[in-house]
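Colleague: Here's my sequence, what's the structure:
(chains A and B)
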There are 2 protein chains.
Amino acid sequence: MLQNIRVVLVGTSHPGNIGGAARAMKNMGLSRLVLVEPKVFPSPEASARASGADDILERTQVVATLEEALAGCTLVLGTSARDRSLPWPLLDPRESGVLAAEHARQGAEVALVFGREHAGLTNDELQRCHYHVHIPSDPGFSSLNLAAAVQVLSYEVRMSWLAAQAETTPAQSNEVAPVRNADLATMDEMEGFYGHLESTLVAIGFLDPQKPRHLMARLRRLYGRSEVERSELSILRGILTETQKAARGEPYKRKDQ
Amino acid sequence: MLQNIRVVLVGTSHPGNIGGAARAMKNMGLSRLVLVEPKVFPSPEASARASGADDILERTQVVATLEEALAGCTLVLGTSARDRSLPWPLLDPRESGVLAAEHARQGAEVALVFGREHAGLTNDELQRCHYHVHIPSDPGFSSLNLAAAVQVLSYEVRMSWLAAQAETTPAQSNEVAPVRNADLATMDEMEGFYGHLESTLVAIGFLDPQKPRHLMARLRRLYGRSEVERSELSILRGILTETQKAARGEPYKRKDQ
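Modeller: The predicted structure is shown next:
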């Protein structure tokens, strides 16, 4: 369904940006690029910046008008600076990604339209869009590089597409930090470790059983936060075993000593 | 608080990418760029691609090692291809943005680390990161342009920052584990600890310098996940000091013995 989403670049001046846009698209799984009156295309500079996304450049359609570029589309999102005389339904990139991916998933043709490097889209062009997209940027330095803008919107499309794919199962990733796919030590294994740790700390004289303070509690908190894996626990216990030997006056000798 | 977030580029080959990264950062309100051993910098190509973000380039810090670049940081996020031999806590860009913005809002120093254009970050460099960040990309064409990767992460930081600003209510915190309100050890303090740990493990015969395997890497990952507090670090170092004494054959004697 990602192939239902086309990227339309209007009046691009720098062919390097066309290549950069193609690369960004391909990284994010998009493949259809349409150029409206590019200044220079094809161009070695575009191919260089595409670094490997040549297939997209080869299949790029070059047309004379935005109208042609939008043929067949039922959803058109156009990037825009925030303040326009004519207020228009405005989305941020995330909302745009969700909307574009959802439409495409249902079989609709979607266009993401990007304007000229310095002048953006004209009012006339913007009025052909269902929604305007504003990439939130620092008001003092708001104009993104064209390929960077394509990257941000393509990324949001992909994020939304991936989320939709993953969501046969609900309650997905955003809500918590990812669960490590690891064999974690059980609570009783951790208890065995804490006992071993405590006796070792006594053996080396770091922990005074008469004045334990909160030492073990603090170490429990430290290791507990880390969610120790079983294989890590065996490293820690190996260290304790060797430490206890050292404390018993069995200093380690290398074989060559 | 965005000024607490630095972007670190390691071993960048193409100065154009440095300029592109600076522009992307400035668009998103970030300002601190640190370069570790760039091939060429400063450079007219960097300035050209920065198109107006020259102030960031002028204040860019150039250092010799990643360690220097991370000085003072308590949260380090490193971009990575997905498959690594040593699994590490992995975030997507959105989770990274939330985490970085939240830490920075609470006054912590945060680094977003990006590797070389072709080779990425080395395993050693990746092991200095608390989290790895994977930008979801098409498996068949997964390597983003460096400036594009900086754009995506900077964008997510800004989105999260704007969301936090808009929300005087803290319902937002559901998305990631809350940041502990603690005085965390900095990266350079952690490096001092790892050096101490390593020499101690050699002293007790647990670590064979001839066959280190992945031992230190695994311990870095374990403690890195835990986000060690400064006061906890001094406990750990105290344990190491006593262990080294024991290894030197200075077994602890209680006063009553």
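
Colleague: drop to CA atoms for contacts and neighbour counts, all remaining ones
Modeller: Noted.

Colleague: any idea how far A:A21 is from A:R6?
Modeller: A:A21 sits 12 Å away from A:R6, going by C-alpha to C-alpha, to the nearest Å.

Colleague: So those two - more neighbours on which side?
Modeller: More crowded of A:A21 and A:R6, by other C-alpha atoms under 10 Å in any protein chain shown: A:A21, with 30 against 22.

Colleague: Can you point out the buried residues in the helix-or-strand element of chain A with minimal mean pLDDT?
Modeller: One helix or strand of chain A scores below all others by mean pLDDT, DSSP states H and E: helix A:215-226, with a mean of 84. Using 16 or more other C-alpha atoms under 10 Å in any protein chain shown as the test for burial, helix A:215-226 gives A:L215, A:M216, A:L219, A:R220, A:L222, A:Y223, A:S226.

Colleague: quick one: which helix or strand includes the closest residue to the third one other than its chain neighbours?
Modeller: If I follow you right, that is A:L219. Leaving aside its sequence neighbours, A:L219 sits nearest to B:E232 (C-alpha to C-alpha, 6 or more residues apart in numbering or on different chains; 7.7 Å). For B:E232, the host element (DSSP states H and E) is helix B:230-247.

Colleague: helices and strands around that helix, which ones?
Modeller: Helix B:230-247 sits against helix A:215-226, helix A:230-247, helix B:187-203, with contacts defined as 3 or more C-alpha pairs under 8 Å, 6 or more residues apart in numbering or on different chains; DSSP states H and E.

Colleague: Could you give the number of residues near A:M25?
Modeller: 30.

Colleague: sec struct for it, please.
Modeller: Of the three states, A:M25 takes helix according to DSSP: H, G, I helix; E, B strand; the rest coil.

Colleague: ok, now which ones touch it?
Modeller: A:S31, A:V150, A:Q151, A:S154 (C-alpha atoms under 8 Å, 6 or more residues apart in numbering or on different chains).

Colleague: Per-residue pLDDT of the closest residue to A:E227 other than its chain neighbours, please?
Modeller: Excluding the flanking residues, the one nearest A:E227 by C-alpha to C-alpha, 6+ apart is A:L184, at 6.8 Å. Turning to A:L184, the model gives it a pLDDT of 79.

Colleague: ok, now how distant is A:L184 from A:G195?
Modeller: 18 Å.

Colleague: out of those two, which sits in the busier spot?
Modeller: Set side by side, A:L184 and A:G195 show more neighbours around A:L184, with 16 against 12, by other C-alpha under 10 Å.

Colleague: List of residues touching the helix or strand hosting A:V113?
Modeller: A:V113 is located in strand A:110-114, with elements delineated by DSSP H and E. Strand A:110-114 is contacted from outside by A:4-10, A:70, A:73-79, A:100, A:103-104, A:120-121, A:146, A:150, using C-alpha under 8 Å, 6+ apart.

Colleague: hmm, back to that, A:D54: which of the helices and strands packed on helix B:230-247 is closest?
Modeller: Nearest of the helices and strands packed on helix B:230-247 to A:D54, taken as C-alpha to C-alpha: helix B:187-203 at 41.8 Å.

Colleague: how far off helix A:230-247 does the closest one point, in degrees?
Modeller: Orientation of helix B:187-203 against helix A:230-247 (axes from the mean of the first three to the mean of the last three C-alpha atoms, to 10 degrees) gives an angle of 60 degrees.

Colleague: just checking, what packs against helix B:187-203?
Modeller: helix B:215-226, helix B:230-247.

Colleague: could I have the helix or strand containing A:G20 exported to PDB, CA atoms only?
Modeller: Using DSSP H and E, A:G20 maps to helix A:15-27. This file holds the C-alpha atoms of helix A:15-27, laid out as PDB (Å, rounded to 0.1, in the frame of the first residue of the first chain):
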ATOM      1  CA  PRO A  15      19.100  18.500  -8.500                       C
ATOM      2  CA  GLY A  16      21.000  17.400  -5.400                       C
ATOM      3  CA  ASN A  17      17.700  17.800  -3.400                       C
ATOM      4  CA  ILE A  18      15.900  15.600  -5.900                       C
ATOM      5  CA  GLY A  19      18.500  12.900  -5.200                       C
ATOM      6  CA  GLY A  20      18.300  13.400  -1.500                       C
ATOM      7  CA  ALA A  21      14.500  13.200  -1.600                       C
ATOM      8  CA  ALA A  22      14.700   9.900  -3.600                       C
ATOM      9  CA  ARG A  23      17.100   8.400  -1.100                       C
ATOM     10  CA  ALA A  24      14.900   9.500   1.900                       C
ATOM     11  CA  MET A  25      11.800   8.000   0.200                       C
ATOM     12  CA  LYS A  26      13.500   4.700  -0.600                       C
ATOM     13  CA  ASN A  27      14.800   4.500   3.000                       C
END
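
Colleague: show me where chain A has strands.
Modeller: A:5-10, A:32-36, A:61-63, A:75-79, A:90-91, A:110-114, A:131-133 (DSSP state E).

Colleague: With mean pLDDT as extra columns, can I get these in TSV?
Modeller: Below are the strands of chain A laid out as TSV (pLDDT from 0 to 100):
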stretch	mean pLDDT
strand A:5-10	98
strand A:32-36	98
strand A:61-63	98
strand A:75-79	94
strand A:90-91	92
strand A:110-114	97
strand A:131-133	93
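
Colleague: Minimum distance to B:I239: which of those strands has it?
Modeller: Comparing those against B:I239 with C-alpha to C-alpha, the closest turns out to be strand A:90-91 (55.3 Å).

Colleague: Dump the helices and strands packed on helix B:230-247 to a markdown table, plus distance to A:P38.
Modeller: Putting these into a markdown table (distance: least, C-alpha to C-alpha, whole Å) gives the following:
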| stretch | distance to A:P38 |
| --- | --- |
| helix A:215-226 | 54 |
| helix A:230-247 | 57 |
| helix B:187-203 | 48 |
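
Colleague: which stretch among these comes nearest A:K26?
Modeller: helix B:187-203 (36.1 Å).

Colleague: Could you give me the buried positions within the closest one?
Modeller: Buried, per 16+ other C-alpha under 10 Å, within helix B:187-203: B:187-191, B:193-194, B:196-203.

Colleague: Would you mind checking the average pLDDT for it?
Modeller: The model assigns helix B:187-203 a mean pLDDT of 94.

Colleague: What lies in contact with that helix?
Modeller: A:239, A:252, B:67, B:70-74, B:207-209, B:216, B:220, B:233, B:237, B:240, B:243-244, B:247-248.

Colleague: Tell me who's in contact with the residue nearest to A:L219.
Modeller: A:R218, A:L219, A:L222.

Colleague: Spatially nearest residue to the first one (excluding sequence neighbours)?
Modeller: In other words, A:R218. B:E232 (7.3 Å).

Colleague: got it, and the last one?
Modeller: By the measure of C-alpha to C-alpha, 6+ apart, the closest residue to A:L222 outside its immediate chain neighbours is B:S226, 6.3 Å from it.

Colleague: Tell me which residues touch that neighbour, please.
Modeller: A:L222, A:Y223, A:R225, A:S226.

Colleague: Next, the buried residues of the helix holding B:E232.
Modeller: B:230, B:232-233, B:235-237, B:239-247.

Colleague: got it, and stretch A:63-71?
Modeller: A:L66, A:A69, A:L70.

Colleague: and it, how far apart are its ends?
Modeller: End residues of stretch A:63-71 are separated by 11 Å (C-alpha to C-alpha).
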